[in-house]
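Visitor: model this:
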Amino acid sequence: MKTKLLLLITLMMVTTAVMGQTRRKRVVGNVQQSGQVQQPAQQQPVQQQQPVQQQPVQQQPVQQQQPKAADRSVDEKFAQVLKCAEQGDVDAIRTAAVSFLRAKNLKDAYYWYEIGATKGDPHCLYMMGFAYEGNEVVAADPVKSFTCFKQAAEKGNPTCQAQVAYRYFYGDGVEQDYSQAAYWFEKAIAQGSENDPEDLASYQEMLAKAKKRAELKAKLKK
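Guide: Got it, this is the predicted structure:
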């Protein structure tokens, strides 16, 4: 009985060993069939992006605009005016002065007005009369102002006649003389249509004052 039991135990142990070897062979076979064990994927190094080089922007040369034919014509005409002015033409001198004044070029404007005044042009005398009251270009000179107004007044300019009258009345740039003031106020008033209505009323009022003071002064002399 004991012998049978030992044989049975021995047989079970042999069977277990054989089954274990069989299992190991299957595992190894499965591994071999499936291939080698996969290695972990190697990460590729990240390539740094090269900075984009900006190409310098090439500026196109600015094309200068050609003057229009009309502009060239004006420039040519004005150049001719200046040429005539330099030769002493009074009309050209006046035109040059007015053109420079409109362009706000006071220095050149009064340069030509002064030349025109020395030649006796009424408009230039009128402009220099006011200019000699003093501005940013012309220094104040009451005597020269009166002289310019007086010459233009003698040529019939009503505004200049009134300016002469005022200067005689107040003794501005000339010795005070009420009789002369009254004379020139009358001259200006006589050209009524050439005067502004408000100015004309002012001249008439000043004329009355000048006459009264002239009479009073005459009485005081006696």
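Visitor: Just the element for Y166, please.
Guide: With secondary structure defined by DSSP states H and E, Y166 is part of helix 158-170.
Visitor: buried set for the helix or strand just after that helix?
Guide: Downstream of helix 158-170, the first helix or strand assigned by DSSP H and E is helix 178-190. Across helix 178-190, burial judged by 16 or more other Cβ atoms under 10 Å covers Y178, Q180, A181, A182, Y183, W184, F185, E186, K187, A188, I189. Where C-beta positions appear, they are placed from N, C-alpha and C, glycine not excepted.
Visitor: one step back: could you give the angle of the helix holding Y166 to helix 178-190?
Guide: Put simply, helix 158-170 runs at 160 degrees to helix 178-190, going by axes from the mean of the first three to the mean of the last three Cα atoms, to 10 degrees.
Visitor: Please point out which parts of helix 158-170 sit buried.
Guide: Neighbour-count burial for helix 158-170, counted by 16+ other Cβ under 10 Å, picks out P158, T159, C160, Q161, A162, Q163, V164, A165, Y166, R167, Y168, F169.
Visitor: got JSON lines for those residues, with distance to A214 and pLDDT too?
Guide: JSON lines is the format used below for the buried residues of helix 158-170 (distance: Cβ to Cβ, whole Å; pLDDT from 0 to 100):
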{"residue": "P158", "distance to A214": "21", "pLDDT": "93"}
{"residue": "T159", "distance to A214": "23", "pLDDT": "93"}
{"residue": "C160", "distance to A214": "21", "pLDDT": "96"}
{"residue": "Q161", "distance to A214": "17", "pLDDT": "96"}
{"residue": "A162", "distance to A214": "17", "pLDDT": "95"}
{"residue": "Q163", "distance to A214": "19", "pLDDT": "97"}
{"residue": "V164", "distance to A214": "16", "pLDDT": "98"}
{"residue": "A165", "distance to A214": "12", "pLDDT": "98"}
{"residue": "Y166", "distance to A214": "15", "pLDDT": "98"}
{"residue": "R167", "distance to A214": "15", "pLDDT": "98"}
{"residue": "Y168", "distance to A214": "10", "pLDDT": "98"}
{"residue": "F169", "distance to A214": "10", "pLDDT": "98"}
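Visitor: with the residues you listed in mind, which one is nearest to Y203?
Guide: Nearest to Y203 out of these is A162 (Cβ to Cβ; 5.7 Å).
Visitor: Name all residues that make contact with the residue nearest to that closest one when sequence neighbours are not counted.
Guide: The spatial neighbour of A162 that comes closest, neighbours along the chain excluded (Cβ to Cβ, 6 or more residues apart in numbering), is A188 at 4.2 Å. A188 makes contact with P158, T159, Q161, A162, A165, N195, Y203, according to Cβ atoms under 8 Å, 6 or more residues apart in numbering.
Visitor: Also H123?
Guide: Contacts of H123 (Cβ under 8 Å, 6+ apart): R94, G116.
Visitor: following the strand or helix carrying it, which helix or strand comes up?
Guide: Using DSSP H and E, H123 maps to helix 122-131. Scanning forward in sequence from helix 122-131 by DSSP H and E, the next helix or strand is helix 142-154.
Visitor: What mean pLDDT does that following helix get?
Guide: With pLDDT averaged residue by residue, helix 142-154 scores 98.
Visitor: I'd like to know which elements that helix is packed against.
Guide: Applying 3 or more Cβ pairs under 8 Å, 6 or more residues apart in numbering; DSSP states H and E, we find helix 142-154 packed against helix 122-131, helix 158-170.
Visitor: now the angle from the longest one to helix 142-154?
Guide: What that stands for is helix 158-170. Taking the same axes, to 10 degrees, one finds helix 158-170 and helix 142-154 inclined to each other by 130 degrees.
Visitor: I'm done for today, thanks for sticking with me.
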